[in-house]
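*Asks:* Here is my input; please provide its structure:
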Amino acid sequence: MRDIYHDINLYIKKEYNITSNSAIEECRVSEYGDITSNAAMINAKKYKIAPYILAAEMAPKIQKLEYVKSVRVDKPGFINITLDVDCLYDVIHEINNEKSLCGLQNIGNGEKVNIEFVSANPTGPLHIGHCRNAILLDAIASMMEKNGYKITREYYINDAGNQINKLIDSVHYQYLNILNIQPDKNLEDIQYSGEYIKDIAQEIIADYQDKFINLTDNTNEIKNIILDIILKGIKKTLKSINIIHDVFVSEQNDIHNKGIITEAIKIIEKKDLLYQGKTEKPLGKDYEEWESKEITLFKSTEFGDDVDRPVTKQDGNWTYFAADMGYHHHKIKRNFNQMIIGLGSDHYGYIKRLKAIVGALSDNKAEIDIKISNLVNYFDNGQSIKMSKRTGNFLTIDEVIEKVPADVVRFIMLTRREDSMIDFDMHKVKEASNDNPIFYIQYAYARANSVISKYTGNFDDVQLKLLQNENEISIIKKLAKWPYIIKNAVLSRSPTIICSYLLCLAENYHSLWNAGNQNNEVKFIVEDDEKSKARIYLNIAINNVILSGFNILNITPIEKM
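*Replies:* Below you'll find the predicted structure:
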């Protein structure tokens, strides 16, 4: 499918040496045109000429482009372009020839990209805090994969460290309780509670009876059993929101046990990026006896970080930062020079340190993009929801999916940029109303399907120039923009761009439908058979674009409503 908007954008960028991603955007006021460019205002200083005069000089050249009908210049120097609809009719044929693949492009050219997301500590079910980032990164993966990138969806299992030991103790406490054996710990010493801990203990008893009464002799075995149970639950939850990872990397087995951290440290050491330094007293805590000791630090500030980061603790063991260094070395060893990682809103401090790690290990040849998702506030009919009956302290994704279909959850999570907060009301998002964005688009798709079903002939000789009314032309221009939308979404790694476009397309379509309700002459099915055929063919194109968008977002369209 040709990308008319890209061609115009590329011409202006090349002709006037504009380095930003886009030199054009859609006109907000239709009377000015379809596309507007501020290229003259960007370049006025360089050419030492007033923006309005420069725009007037640029306009005739732009008007010679194939798809341009007219160009007008508006103060202080905007170049406003009206597209030639006669050149756009072929776009409808291209959409319907490509069907659900319309608009997709080989942007990535086979480049490998590692997208690591969710990676929640395997200490219990996934809670709602994981939901938004999981869906965002999965949508980015899908969007990039369908446009020529070779994507690996990766989950990093944080199965090393003290939190896993606390998990084992918590399960073992409930295990002994169920077997009517007095635990050697008090309940207040147990880190993890909730029904899911009891469920894990029950499952272990069902399979192994009293084998693990003596925990000391069987710690590694019961650890693996517990992690396997929890990870099976995590995978099941993720599958319920249409997320399936390609690779699971274990911190303990794949990083610590295989000496990957030591490998990474040696690489950094050879580059003279380590030194011995004194630890500072941690902020926010009152230590009665604090002794500063020498530890190994990484020169993280040489790569844009705020402070140099310790790679060893005072006791000589590796820090979490060292483990992160080992893990990203593991990615680079697997030939990933492009990495994307999803983190929660409490991880802004990780951005600079992770970029420093990747820059140092790869000599700045590899890049990492960190996506931080803001909070989601959950409501049910206006009432805030924070607690869970099952876990005792947090609401799980499973509990949300029980009330709201997965496709609805996915779309709502993508309707706003990741740095914006979302208020998610489970009652409102289930309503069949125009205020529900996913319903609004699904309704457009179902309505178009009902029109398409009324025609069983072929479209070999369809006369698209019969599509002449204002609403039809407006929607044709919107459809022509689809490949440009996809390209912008992929390059900016923002599925929200696609959601916004689909909402606008649905709005255009419903306007087209409603115009027919008010005026019989603009209905889809009229006495003129050729005009009806053209309008039905346009409905097919609309649905193909919606279907293409849904496929990118991993959402299933609803055929009838």
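*Asks:* ok, G549 - contacts?
*Replies:* The contact partners of G549, taken as C-beta atoms under 8 Å, 6 or more residues apart in numbering, are I498, Y501, L502. In short, each C-beta sits where N, CA and C put it, glycine included.
*Asks:* For it, report the pLDDT, please.
*Replies:* For G549, the pLDDT comes out at 98.
*Asks:* and it, helix, strand or coil?
*Replies:* With DSSP: H, G, I helix; E, B strand; the rest coil as the basis, G549 sits in helix.
*Asks:* For the chain, which residue occupies the most central location?
*Replies:* The residue lying closest to the centre of the chain (C-alpha atoms, centre = their mean) is L136, at 2.4 Å.
*Asks:* Correct me if wrong: that one contacts L414.
*Replies:* Yes - counting by C-beta atoms under 8 Å, L414 is a contact partner of L136 at 6.7 Å.
*Asks:* got any residues that touch both of those two?
*Replies:* With C-beta under 8 Å, 6+ apart, L136 and L414 have common neighbours P495.
*Asks:* Need the residues that contact whichever helix or strand E269 is part of.
*Replies:* For E269, the host element (DSSP states H and E) is helix 260-270. Residues from elsewhere that reach helix 260-270, judged by C-beta under 8 Å, 6+ apart: 254-255, 274, 298, 311, 318, 322-323, 325-330, 333, 360-361.
*Asks:* I'd like to know which of these are buried.
*Replies:* 254-255, 274, 298, 311, 318, 322-323, 325-330, 360-361 (16 or more other C-beta atoms under 10 Å).
*Asks:* So which of the residues you listed are in strands?
*Replies:* L274, F298 (DSSP state E).
*Asks:* Identify the farthest-apart pair in the buried ones among the contacts of helix 260-270.
*Replies:* Distance extremes for the buried ones among the contacts of helix 260-270: the farthest pair is D254 and L274 at 23.4 Å, using C-beta to C-beta.
*Asks:* And stretch 497-504, what's buried?
*Replies:* Neighbour-count burial for stretch 497-504 [16+ other C-beta under 10 Å]: I497, I498, C499, S500, Y501, L502, L503.
*Asks:* An error on my part: the question was meant for stretch 304-313.
*Replies:* D305, D308, R309, P310, V311, T312.
*Asks:* Ramachandran angles for the second one?
*Replies:* Put plainly, it is D308. Phi and psi for D308, reported as degrees, to the nearest 10, are phi -80, psi 140.
*Asks:* so what's it up against?
*Replies:* Y275, G277, L297, F298, K299, S300, T301.
*Asks:* gap between it and D315?
*Replies:* D308 sits 20 Å away from D315, going by C-beta to C-beta, to the nearest Å.
*Asks:* Same check on the third one?
*Replies:* With distances taken as C-beta to C-beta, R309 is found 17 Å from D315.
*Asks:* What ranges in the protein fall below the confidence cut-off?
*Replies:* 279-290, 386-393 (pLDDT under 70).
*Asks:* quick check: domain ranges of it?
*Replies:* 4-87, 89-108+431-553, 115-158+245-372, 162-240 (automatic domain parsing).
*Asks:* Show me the helices in the stretch 151-300 of the chain, by range?
*Replies:* Listed in chain order, the helices of the stretch 151-300 of the chain (DSSP state H, counting those that start in this stretch) span 162-178, 195-208, 219-240, 260-270.
*Asks:* next one: the stretch 301-450 of the chain
*Replies:* Listed in chain order (using DSSP H, counting those that start in this stretch), the helices of the stretch 301-450 of the chain are 320-333, 350-362, 397-403, 406-414, 437-452.
*Asks:* Can you add distance to E507 and give these back as TSV?
*Replies:* Converted to TSV, the helices of the stretch 301-450 of the chain look like this (distance: least, C-beta to C-beta, whole Å):
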stretch	distance to E507
helix 320-333	42
helix 350-362	36
helix 397-403	28
helix 406-414	15
helix 437-452	8
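*Asks:* most neighbours per residue, which of these?
*Replies:* Ranked by mean neighbour count, the helices of the stretch 301-450 of the chain are led by helix 406-414 with a mean of 23 (mean count of other C-beta atoms under 10 Å).
*Asks:* Show me how far that helix is from its chain's centre.
*Replies:* How far helix 406-414 lies from its chain's middle: 11 Å, per C-alpha atoms, centre = their mean, to the nearest Å.
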